[in-house]
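1. My questions concern the predicted model and sequence given below.
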Number of protein chains: 4
Amino acid sequence: MFEQSFLAIAERYKVVFFDSYGVLKNYKGLIEGAQATIDRLRGQNIAIRVLTNDASRSQEQQADSFSRLGLHGIEAGEIVTSGMMAKHFLEQKIRDGKIAYLGTENSAQYILQSGLEHIAVRDIDLDNLEEISAFVFLDDEGFDWNSDISKTVNILRRKVMPVIVANSDRVYPVSRNDVSVATGGIAELVENMLSKKFIHFGKPDSQMFIYAFDQLNHRGLARKEEVLMVGDTLHTDILGGNRFGLDTVLVLTGNTRKESVHNLIESSGIIPDFICNSIAE
Amino acid sequence: MFEQSFLAIAERYKVVFFDSYGVLKNYKGLIEGAQATIDRLRGQNIAIRVLTNDASRSQEQQADSFSRLGLHGIEAGEIVTSGMMAKHFLEQKIRDGKIAYLGTENSAQYILQSGLEHIAVRDIDLDNLEEISAFVFLDDEGFDWNSDISKTVNILRRKVMPVIVANSDRVYPVSRNDVSVATGGIAELVENMLSKKFIHFGKPDSQMFIYAFDQLNHRGLARKEEVLMVGDTLHTDILGGNRFGLDTVLVLTGNTRKESVHNLIESSGIIPDFICNSIAE
Amino acid sequence: MFEQSFLAIAERYKVVFFDSYGVLKNYKGLIEGAQATIDRLRGQNIAIRVLTNDASRSQEQQADSFSRLGLHGIEAGEIVTSGMMAKHFLEQKIRDGKIAYLGTENSAQYILQSGLEHIAVRDIDLDNLEEISAFVFLDDEGFDWNSDISKTVNILRRKVMPVIVANSDRVYPVSRNDVSVATGGIAELVENMLSKKFIHFGKPDSQMFIYAFDQLNHRGLARKEEVLMVGDTLHTDILGGNRFGLDTVLVLTGNTRKESVHNLIESSGIIPDFICNSIAE
Amino acid sequence: MFEQSFLAIAERYKVVFFDSYGVLKNYKGLIEGAQATIDRLRGQNIAIRVLTNDASRSQEQQADSFSRLGLHGIEAGEIVTSGMMAKHFLEQKIRDGKIAYLGTENSAQYILQSGLEHIAVRDIDLDNLEEISAFVFLDDEGFDWNSDISKTVNILRRKVMPVIVANSDRVYPVSRNDVSVATGGIAELVENMLSKKFIHFGKPDSQMFIYAFDQLNHRGLARKEEVLMVGDTLHTDILGGNRFGLDTVLVLTGNTRKESVHNLIESSGIIPDFICNSIAE
């Protein structure tokens, strides 16, 4: 765990998994030097995947967003989102009924296009829950917190059903200093009110790592020791990467700041294999 | 812990502490027979106190509310609210600056009339927190959850200050089946986002029991074994009463239902001394 | 989620994952009818895997143990243990130093045969931790709880290192009524003392599911919807199976009893696809 | 919250509450200058109370211990222990049966002399729990952790009864660097195994503050704003003192070290009114 050049580290691996927010981009836009780093890795035939705790947009929408920011060459098929994991889960496990959701209509259309009907919390009749077969926390936007959070508690008090949290991040950064409460934070509030635990998708849970690794591994591309996970957050990227058995790099362009990084590692016990200022240094 | 007549039990004590919501009244109005029970206890010179986890209204407003519901003879001075405890705390511990709050303007005026200025979260400038000396969670109403909960997180990330939760109830009942997320639930969400614990007022914490007991005890009216606590909620009324050393009655007119009461006692380990259908039976 | 014949359900799948304790055997010995069920599935070319939260014995030792109980035909290679997962993790992530452990010498030899030296907590010199590079919670036996639990706390207060919990079960059954505190319970005590979270192996975490599924999947044997997970515990087998995307059967021969199964499902929100009395019915 | 002379602060109050371990004494013996500080306060007629989370020894045994260390003039009646609070609770709430305990015979005799029989966990017959009416966690010594912790879990799984934790400290210091798991830590392990919360005595809970304050207050000696709480631990002494409405001094001769004090205050949100190096400076 010593600070060094990101490229010198990354070039020892066959595959690099990048977190998106705080690593490739942040609230100001693209991380300086990101394009050069991606191009350099491509030039050496190092495979790239982006693993993002985001359930609000599809792979294509994510890829477009990188392009608009000026980062070119990330293909939709290289992006793995926690929303995709939730979508697969629903397809495999929920066979009939309507899926209730908290989030935007856009996020619902993307995740819930599995042939099942979806219904926003605001449109649910509490006295008629028979058809509701599952509940998904999709996004922190698209609903009225004052009314719909309590309504969610009451839906889940009245009927036992599988509950999925499509993005378990509790906060996301909105500026250098400030954060916003995210889907995972709202889901946790509801879990506490009900004394239950929902099914969470997104790092640090293993599903996205499995998905990305299996894709590569099936084609004989890599073993775990040949994959590097790069992230800005100890509790999601680094914990998840470590637990899945990957080497991990913590970068300091997002949630974790240089002045507090060693205190945070000591207090959390989550230890990256490497620490770099950014993916460009 | 056997079911029996409430009056037969209560008449063995010199003082009875009543919870308000779920015991004297509920979402439908006054509990049937409440007036007769209060009158009967008065007739035997048994002192009465109402201990309520409510920070939205003053003692006088609470007493008026009982009168309007048709319950007469509860005086303002016999009511102890968690809001009063928060008020005393602020008076003793905060000597200057402005007190930030989440709640209604009415609740702020009542609790924060201690000579200190108060300011709603919506009116706070995040870049100018110098004058803010404390933060109070007052009520679940009076603010926009979508914006002000995240803003609260950011205020408390930027400046370390004493944070008070004037009512630690996490939910309150709004009908036979449904609940609403309460101040304590919102405060817990913010605590989790910050990984901090705030100072909570309200049962099961001891402050209201101390206050009510001291008032009586100073006049030589009672020892602890002469006081009975009556409530509808195991985790607040009964746990708080037991821990303070009082005998406790659980009534089944509020949060706890007859069909699940024994399961709840077993799973929580919180054991009332007596269980009664209501204060009228 | 309705009760029905186990075989009628299982015969619809290509692969069945069994939990061991509470499903194939329990404190009294083999579950009645287990051999007939295994034979029947074999006869239909249904692949079988045993996924067990056990870090005290190797695959071979587990297979021998089934034979001695009278259950024949479970091969070592069909058994997946949480200990194997911990072993793989250590091999991939820890490259030098000594691995400290809490458990029996036997469990240490089996898991830690990766070329790295291991050292029992009792033999560690608190003033000389330089060489210690990782810590593993292996077993609840083989050490003196009165002295070695506090010593573990102090080792981990003095030096930050990766900490692995090779079996995250908190209790295990020792008779019809009674349990014993297990490795996961001791690890949780230490986590709480340190305010840290360790890396846990064993259901409900995904590693064992991934491992078993990848083995089969690589040979083209199965998709997730063709795999059935059978377990006796909601919080490990059923939650883990559901989260991994498998169909799940809860059997009532272990931790979950018929009289409380519906209450437990309601209170936990963890919903199996099927409930059966046992794998023999 | 600025560092200054302890005596200059203390002399503004009528009463000073001292924590014992880490304030008046520590693992090395008496805190240097403690006698002079106590004598100076006595000389100005400032009342003194010692509030200690200790359930292993009586007031007299505590007073003797101060004398033997060389601190003279602390009378038994000025010492308030968490064990006394547990004793009062048991006297008021448990009227028959035997009280089961985990701890030393000495601690049991002192706390349980209330006329009720007591019985050590090791001597309890799991199949004969009828007479057991309550359970007390008294001390971390006096029993075999390997056997008696699991036995405690099984006793409390088999019978619902009031469970008291006579000292809720989770660890205590045994040297400059090292700690030992304390009664509160063991009780928390059992709470987690059972998913229950027990009744805890000791700071930060209010009972000891109430007891000490009521004694003084009844004689008209003090109002809350005239009482100063002095402690070395944010989560017990300072949180408890703040919540009870007292002014608080954090000293740096115990659990909290100078180099980390500001980080700890920021991360916990528990803010003492004053910080002093020791009670002698």
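-> Nice, I can see it.
2. What pLDDT does the model give the most centrally placed residue in chain A?
-> Residue closest to the mean C-alpha point of chain A, counted by Cα atoms, centre = their mean, is A:N53 at 0.9 Å. Model confidence at A:N53, given as pLDDT, is 94.
3. From chain B, how far off is the residue nearest to A:G254 when sequence neighbours are not counted?
-> Nearest residue to A:G254 in three dimensions, chain neighbours excluded: A:G22, at 1.9 Å (Cβ to Cβ, 6 or more residues apart in numbering or on different chains). For the C-beta atoms, the positions are set from N, CA and C on the backbone; glycine is no exception. In this view, A:G22 and chain B are 17 Å apart by Cβ to the nearest Cβ, to the nearest Å.
4. picking that back up, any idea how many residues pack against the nearest residue to the residue nearest to the centre of chain A once chain neighbours are set aside?
-> Once flanking residues are discounted, A:N53 sits nearest to A:G202: 3.9 Å by Cβ to Cβ, 6+ apart. Residues near A:G202, counting by other Cβ atoms under 10 Å in any protein chain shown, number 26.
5. Pretty sure A:G202 sits against A:D169.
-> Yes: the pair A:G202 / A:D169 is scored as a contact, 6.5 Å apart, by Cβ atoms under 8 Å.
6. re the thing from before, which ones are touching the residue nearest to A:N53?
-> A:53, A:55, A:82, A:85, A:165-169, A:184, A:208, A:236 (Cβ atoms under 8 Å, 6 or more residues apart in numbering or on different chains).
7. Give me the subset of these lying in helices.
-> A:82, A:85, A:184, A:208 (DSSP state H).
8. CSV for the residues you listed, including pLDDT?
-> As requested, the ones in helices among the contacts of A:G202 are exported to CSV (pLDDT from 0 to 100):
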residue, pLDDT
A:S82, 94
A:M85, 91
A:G184, 95
A:M208, 93
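9. Which residues are in contact with the closest residue to chain B within the stretch 1-150 of chain A?
-> Using Cβ to the nearest Cβ, the closest approach of the stretch 1-150 of chain A to chain B is made by A:W145 at 3.6 Å. Neighbouring residues of A:W145 by Cβ under 8 Å, 6+ apart: A:186, B:144-146, B:149.
10. same deal with A:N177?
-> Residues near A:N177 by Cβ under 8 Å, 6+ apart: B:126, B:154, B:157-158.
11. how about 7 Å then?
-> By Cβ atoms under 7 Å, 6 or more residues apart in numbering or on different chains, A:N177 lies in contact with B:R158.
12. B:L126 versus that one, what's the distance?
-> As judged by Cβ to Cβ, to the nearest Å, A:N177 and B:L126 stand 8 Å apart.
13. how much space is there between the residue lying closest to A:L228 once chain neighbours are set aside and C:Q207?
-> If the residues on either side of it in the chain are set aside, A:L228 comes closest to A:Y13, at 4.3 Å by Cβ to Cβ, 6+ apart. Using Cβ to Cβ, A:Y13 is found at 21 Å from C:Q207.
14. Pick out whichever of these two has more residues nearby.
-> Ranked by neighbour count (other Cβ under 10 Å), A:Y13 and C:Q207 place C:Q207 first, with 24 against 21.
15. shouldn't the more buried one be in contact with C:F201?
-> Yes: with contacts defined as Cβ atoms under 7 Å, C:Q207 counts as touching C:F201 at a distance of 5.9 Å.
16. Need the three-state assignment for A:G202.
-> Recorded secondary structure, A:G202: coil (DSSP: H, G, I helix; E, B strand; the rest coil).
17. interface residues of the stretch 151-281 of chain A facing chain C?
-> A:160, A:162-163, A:196, A:199, A:206-207, A:210, A:224-225, A:242-243, A:245, A:265-266, A:268-269, A:271 (Cβ under 7 Å from any Cβ of the partner chain).
18. Just read off the phi/psi values of the residue nearest to A:G254.
-> With angles defined as degrees, to the nearest 10, A:G22 sits at phi 100, psi -10.
19. So the closest residue in space to A:E226 that isn't next to it in sequence versus A:I271, what's the distance?
-> What sits nearest to A:E226 in space, not counting adjacent residues and going by Cβ to Cβ, 6+ apart, is A:K14, at 4.1 Å. Distance, A:K14 to A:I271, using Cβ to Cβ: 23 Å.
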